[in-house]
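Trainee: Just need the structure, nothing else, for what follows:
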Amino acid sequence: MTSHEGARQQVPPLARIRVLDLTRVRAGPTAVKQLSDWGADAIAVEAPAAIDDAEPIGGPREAPDFQNLHRNKRSITLNLKSPAGREVFYRLVKTADVVVENYRPSVKHRLAIDYDTLRKINPRIVYASISGFGQDGPYVDRPGVDQVAQGLGGIMSITGEPGRGPMRVGVPMADLCAGLFGAMSILVALVARGESGEGRWVQTSLLQAQIAMLDLRAVHWLNSGELARQAGNNHPTSIPTGVYEASDGPINIGGSGGAMFARFSRAIGMPELGERPEFSSEALRYRNRDELNAIIGGEIARRTRAEWTELLNAAGVPAGPIHTVEEVFVDPQVRHLDLHGSVPRPDGSAVHLLKPGFQMTGWTDVLRSAAPARGEHTDLVLTELGYTSAEIAKFRSEGVL
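Mentor: Next comes the predicted model:
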């Protein structure tokens, strides 16, 4: 790193952005995490324990999941159901750039913290809403959870083995993608604000995000009526691209296409495969995929994953072992990319967290603090807003905090 880059690293990219985080569960916190990692002053506005002592999604606050979702934030408690609590929140909104919420759409209006209300207080506010199914429409009042969105959004119908029924993706894909789309929309709105001086209301939902991730499967159906089916680990159109069992475990191999198939066949010691009439074109290989896969599988079983990975990649054929999560984090490329780190908890123990899925020059300090205790920064933030210690004590005695 050059000295110039080292100097620039002292100022986080989003250091001037203040985010008020009204989110719970996973999609909303995922969105805020993208901003807080890059230096935004993210303030989680939480209900006082006296009116909401439910255990958060992700387990106890000290659990790794909660810590990963809520790192790099400050936390205040505020009773938004009370007029005094809302007035404190409104004062906070005057200082903020972004508000992120994932209430059911009607709740924000009932609490008088909706976009139309807040933009009168701060016309520059970017207000982000993340919901289950959208801000209006026939499903507007339904509770939204990841697996329901995966089902409604079509991904479960094309995931899994043929004939085995629908299968959910192994991570909360709708939640995570909605969070990423939410963060992206916030950043776009902040750029637009730089031109117009005005904030925006940006909206996404678990259902919208999930359908967007259908991508090629959706546009194929929209344009030709081609309905995607479950294909298991086989590529739906390209053969041989899929999972094969090496002598010590499964491996992914992508050997489809004319020139690629020829290189693949030579690499596994079977150059004659492409000369056989039933395998002489992509269409014929697809039609006779079971026979071709059986032949290839018999050869792949003769060597280890490491041997095939080295041999095939050297031949220009994509291949790699299928890792368990444990194996992921000892992979040399993963270790080189430095994708996780740790931060200290208040008790001195360390919690290991994932870094963002991208990096940039000039700022590497993305993991700075563990998730805060509920209300840990209430007095500090209210003092920054100009409240006196006597006023803060009065708020606490009245249940506002």
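Trainee: neighbours of Leu380, just the number please.
Mentor: Using other CB atoms under 10 Å, Leu380 is surrounded by 11 other residues. No exception for glycine: its C-beta is placed from N, CA and C like everyone else's.
Trainee: Excluding chain neighbours, what is closest to it?
Mentor: Closest residue to Leu380 in three dimensions, ignoring its sequence neighbours and counting by CB to CB, 6 or more residues apart in numbering: Arg74, at 7.5 Å.
Trainee: The one you found falls within a helix, correct?
Mentor: No. With DSSP: H, G, I helix; E, B strand; the rest coil as the criterion, Arg74 is strand rather than part of a helix.
Trainee: surely it meets Glu384?
Mentor: No. The pair Arg74 and Glu384 fails to qualify as a contact (CB atoms under 8 Å) at a distance of 10.1 Å.
Trainee: And those two? Which one has more around it.
Mentor: For Arg74 versus Glu384, the count of surrounding residues by other CB under 10 Å is larger for Arg74: 18 against 13.
Trainee: ok now do that one, which residues does it touch?
Mentor: Asp41, Ala42, Ile43, Ala44, Pro372, Glu376, His377, Leu380, Val381 (CB atoms under 8 Å, 6 or more residues apart in numbering).
Trainee: Which entries within those residues meet the buried criterion?
Mentor: Applying a neighbour-count criterion of 16 or more other CB atoms under 10 Å, the buried members of the contacts of Arg74 are Asp41, Ala42, Ile43, Ala44, Pro372, Glu376, His377, Val381.
Trainee: what's the closest of those residues to Ala212?
Mentor: Within the buried ones among the contacts of Arg74, distances to Ala212 taken as CB to CB reach their minimum at Ala42, with 25.0 Å.
Trainee: Surely the closest one is in contact with Thr23?
Mentor: No. With contact defined as CB under 8 Å, Ala42 does not reach Thr23; the gap is 10.2 Å.
Trainee: what sits in contact with each of the two?
Mentor: The contact sets of Ala42 and Thr23 overlap at Val32 (CB under 8 Å, 6+ apart).
Trainee: all strands for the stretch 101-250 of the chain, in order.
Mentor: Applying DSSP state E, counting those that start in this stretch to the stretch 101-250 of the chain gives strands spanning 126-131, 201-205, 241-246, 249-254.
Trainee: Work out which residue lies at the spatial centre of this structure.
Mentor: To find the centre residue of the chain, average its C-alpha atoms and take the closest one (CA atoms, centre = their mean): that gives Leu176, at 3.3 Å.
Trainee: Kindly provide the distance from that residue to Phe329.
Mentor: In this structure, Leu176 and Phe329 are separated by 19 Å, where distance is defined by CB to CB, to the nearest Å.
Trainee: swap in Arg142?
Mentor: Between Arg142 and Phe329 the distance, using CB to CB, works out to 38 Å.
Trainee: before we move on, what about Ala350?
Mentor: Taking CB to CB as the measure, Ala350 and Phe329 are separated by 15 Å.
Trainee: Okay, buried residues for the lengthiest helix in the chain please.
Mentor: The helix that spans the most residues within the chain, counting by DSSP state H, is helix 173-196. For helix 173-196, the buried set under the neighbour-count rule, 16+ other CB under 10 Å, comprises 173-183, 185-187, 189-190, 193.
Trainee: Just list what the helix or strand containing Phe66 packs against, helices and strands only.
Mentor: Of the helices and strands defined by DSSP states H and E, Phe66 is found in helix 64-70. Helix 64-70 is packed against helix 27-36, strand 350-354, with contacts defined by 3 or more CB pairs under 8 Å, 6 or more residues apart in numbering; DSSP states H and E.
Trainee: For it, buried residues please.
Mentor: By neighbour count, with 16+ other CB under 10 Å as the criterion, the buried positions of helix 64-70 are Phe66, Gln67, Asn68, Leu69, His70.
Trainee: my read: the third one touches Lys355, true?
Mentor: Right, the one you point to is Asn68. No. Assessed by CB under 8 Å, Asn68 is found out of contact with Lys355, at 10.4 Å.
Trainee: And for Arg217, the neighbour number?
Mentor: Using other CB under 10 Å as the criterion, Arg217 is surrounded by 18 other residues.
Trainee: An error on my part: the question was meant for Glu326.
Mentor: Neighbour number of Glu326 under other CB under 10 Å is 7.
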